[in-house]
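J.: Generate a structure from the sequence data that follows.
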Amino acid sequence: MKIEGTVPVGQTATLRVYYEQAEFNVSDISDENTTHLGRWTGTTWEYHRASSRDTSENWVETVGVTQFSIWGIGGQDASLPVLLSSFAVKRRAGSAIIHWSTESEVEIVGWNVYRESKGKWVKINPKLIPSKGEMGGRYEFIDPNPDNPSRYMIEWVNLKGEKRRSKPITLSRSGKLKAATWAEVKTR
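T.: Numbering: from 1, shown residues only. Got it, this is the predicted structure:
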């Protein structure tokens, strides 16, 4: 999330960030009690230890903030590269339309789309789908030859060549997205 404003010289601010439980279900943070905040400096994440948190009220707070910019919630390793906000697939005219949205994509080069075929995951995009930038974006990929039913995953690739994948989602024979909770979409 982008937080705008200024902190007067010589002063600090306290920053409390509220989150929806669903946001944790799509992240790789396994324990809300280990969350911290991070500020994007333009080149890297600056780690800010949580001064307090409330997992029942869904917030994390840090003190001593001297600048505002892009902030995110991360786990104890303070990794905050991608915040995936949606991932869906639907059928249109015999094709499968895969949609996903992100809130941030720090140090992400691009995306791949995978379809399960005969029990194996196969990359179906011919080349890496470029990242829309640090502030995130919306994406669409068309699979002209979906299986019935088809399962899909998306994969993001960072500047170091490291890759992470979402959990799979399924396109049913009827073309409707099978019910998928945020927990089913969360990264593994």
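J.: For burial, what's the neighbour tally of Q11?
T.: 9 (other Cβ atoms under 10 Å). Placement of C-beta: from N, CA and C, glycine included.
J.: low-confidence ranges in this protein?
T.: Applying pLDDT under 70 to the chain picks out residues 21-30, 43-44, 75-83, 172-188.
J.: which residues of this structure fall in helices?
T.: Ranges of helices in the chain, per DSSP state H, are 21-25, 182-185.
J.: okay, stretch 11-23 in PDB with CA atoms only?
T.: In PDB, the C-alpha atoms belonging to stretch 11-23 read as follows (Å, rounded to 0.1, in the frame of the first residue of the first chain):
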ATOM      1  CA  GLN A  11      10.000  13.800  14.600                       C
ATOM      2  CA  THR A  12       8.800  10.200  14.100                       C
ATOM      3  CA  ALA A  13       5.400   8.600  13.500                       C
ATOM      4  CA  THR A  14       3.600   5.500  14.600                       C
ATOM      5  CA  LEU A  15       2.200   3.500  11.700                       C
ATOM      6  CA  ARG A  16      -0.600   0.900  12.200                       C
ATOM      7  CA  VAL A  17      -1.600  -1.200   9.200                       C
ATOM      8  CA  TYR A  18      -4.900  -3.100   9.300                       C
ATOM      9  CA  TYR A  19      -5.300  -6.100   7.100                       C
ATOM     10  CA  GLU A  20      -8.000  -8.500   6.000                       C
ATOM     11  CA  GLN A  21      -7.600 -12.200   7.000                       C
ATOM     12  CA  ALA A  22      -7.900 -13.100   3.400                       C
ATOM     13  CA  GLU A  23      -4.700 -11.200   2.700                       C
END
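J.: residues in contact with it?
T.: Contact with stretch 11-23 is made by 1, 3, 7, 37, 48, 51, 57-66, 68, 71, 73, 83, 85, 182, as judged by Cβ atoms under 8 Å, 6 or more residues apart in numbering.
J.: What separation is there between V122 and V109?
T.: To V109, V122 is 21 Å away according to Cβ to Cβ, to the nearest Å.
J.: Give me the more crowded residue out of these two.
T.: V109 (15 against 10).
J.: Just list whatever residues bridge to the residue lying closest to that one once chain neighbours are set aside.
T.: Nearest-residue entry for V109: V157, 5.0 Å, with adjacent residues in sequence omitted and distances by Cβ to Cβ, 6 or more residues apart in numbering. Beta-bridge partners for V157, by DSSP bridges, are G110, K163.
J.: since we're on V157, how many residues are nearby?
T.: Neighbours of V157 (other Cβ under 10 Å): 17.
J.: How about the one 3 residues further on?
T.: Other residues within reach of K160, judged by other Cβ under 10 Å, total 8.
J.: quick one: contacts for it?
T.: E107.
J.: so how far is G74 from it?
T.: 17 Å.
J.: cool, and Y47?
T.: For Y47 relative to G74 (Cβ to Cβ), the value is 8 Å.
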